[in-house]
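Attaching a predicted model along with its sequence, questions to come.
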Amino acid sequence: MNEVTDLLGTLQTRAYRVLRNSSYGILERYGLTPTHWAVISAIDEASDKGIKAVDIAADMHVKAPLVTMITHDLILRDFVVSTPHRYDGRAKVLKITLEGAALISKVETELRVLLKKLLYGLTDKDIATYYKVLETIILNNDHV
């Protein structure tokens, strides 16, 4: 095996495990998975106007039934509410509840503390480069 690809694979795997295990630990304390967090974050970003589950699925590049299952759980836990769409009576929009907003605030605070520790020693430019690399990999995947 090529030394460069071997090192890249090893570094990627180790970094992924650190990020995954650390963030999963925080999310698990709140009964959340990374998918829960991605969905509730997308709903929160939509703010007061709300967002449809199908739009979340498209943004996440997953199938709509997965988002529907996750949102159903979030609704049962009173973190999210489903309301009729303003213009399309058949459609439902998802919005964050007060309980959901409180949850997001707690989890976000813990995740920020974690990331600050994990990214210690990196400059803002280093972090911007890291994000650009990740975004480029995702974009280039469409051409592989």
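Alright, I've got the coordinates. Residues are numbered from 1 along each chain as shown.

Can you give me the distance of residue 111 to residue 23?
Noted for residue 111: a distance of 6 Å to residue 23, by Cβ to Cβ, to the nearest Å. (Each C-beta comes from the backbone N, C-alpha and C, glycine too.)

what about those two, which has more around it?
Using other Cβ atoms under 10 Å as the criterion, residue 111 and residue 23 rank with residue 23 on top: 18 against 15.

buried set for stretch 29-46?
Buried positions in stretch 29-46, judged by neighbour count with 16 or more other Cβ atoms under 10 Å: 32, 36, 37, 38, 39, 40, 42, 43, 44, 46.

among those residues, which are in helices?
Members of the buried residues of stretch 29-46 lying in helices (criterion: DSSP state H): 36, 37, 38, 39, 40, 42, 43, 44.

residues near the nearest residue to the fourth one once chain neighbours are set aside, how many?
Nearest non-adjacent residue to residue 39, counting by Cβ to Cβ, 6 or more residues apart in numbering: residue 70, 4.7 Å away. As a burial measure, the neighbour count of residue 70 was computed by other Cβ under 10 Å and equals 24.

The host helix or strand of residue 70 packs against which elements?
Residue 70 is located in helix 64-76, with elements delineated by DSSP states H and E. Here helix 64-76 touches helix 34-45, helix 53-60, strand 80-84, going by 3 or more Cβ pairs under 8 Å, 6 or more residues apart in numbering; DSSP states H and E.
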